[in-house]
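Q: I'll drop the sequence and a predicted model, then ask my questions.
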Amino acid sequence: MKWVHDHRWQFSPENRVDITKNDDTYDEFPIHKEIANFDPSDRKFVAVANAHSAHPPILQATDCKWWGWKDALFEVGITVIFLCPYYIKVKYEQI
């Protein structure tokens, strides 16, 4: 994270996007009934992926709630890559 922070302005302009905060969400957050209850603190990641022309994937390490939203996100064009899918699936099934 420190490297990203220190080098964030060295990314090319086409790889930076603006998102617009709108109460607990962002204008760029996609509309889909199965992600209506998406965690407000994580909406920025989805909004950025959705605003980018290439819809880059989101890497998810430990937040198992994303497992329940992955199919709906895929339906709106956003892919979530789980770094440890077995671990996340097991954790999600326990909640």
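A: Perfect, thanks for sending it.

Q: Which elements pack onto the strand or helix carrying residue 74?
A: Assigned by DSSP states H and E, residue 74 belongs to helix 65-75. Packed against helix 65-75 by the contact rule (3 or more Cβ pairs under 8 Å, 6 or more residues apart in numbering; DSSP states H and E) you find strand 58-60, strand 80-82, helix 85-94. The C-beta positions use only the backbone N, C-alpha and C, and glycine is treated the same way.

Q: what packs against the last one?
A: Read that as helix 85-94. helix 65-75.

Q: go again using 10 Å as the cut-off
A: Helix 85-94 sits against helix 65-75, strand 80-82, with contacts defined as 3 or more Cβ pairs under 10 Å, 6 or more residues apart in numbering; DSSP states H and E.

Q: I'd like to know which of those is closest to residue 8.
A: Of all those, the one in closest proximity to residue 8, counting by Cβ to Cβ, is strand 80-82 (21.2 Å).

Q: what comes into contact with the helix holding residue 74?
A: 30, 32-39, 42, 45-46, 49-50, 57-58, 60, 78-82, 85, 88-93, 95 (Cβ atoms under 10 Å, 6 or more residues apart in numbering).
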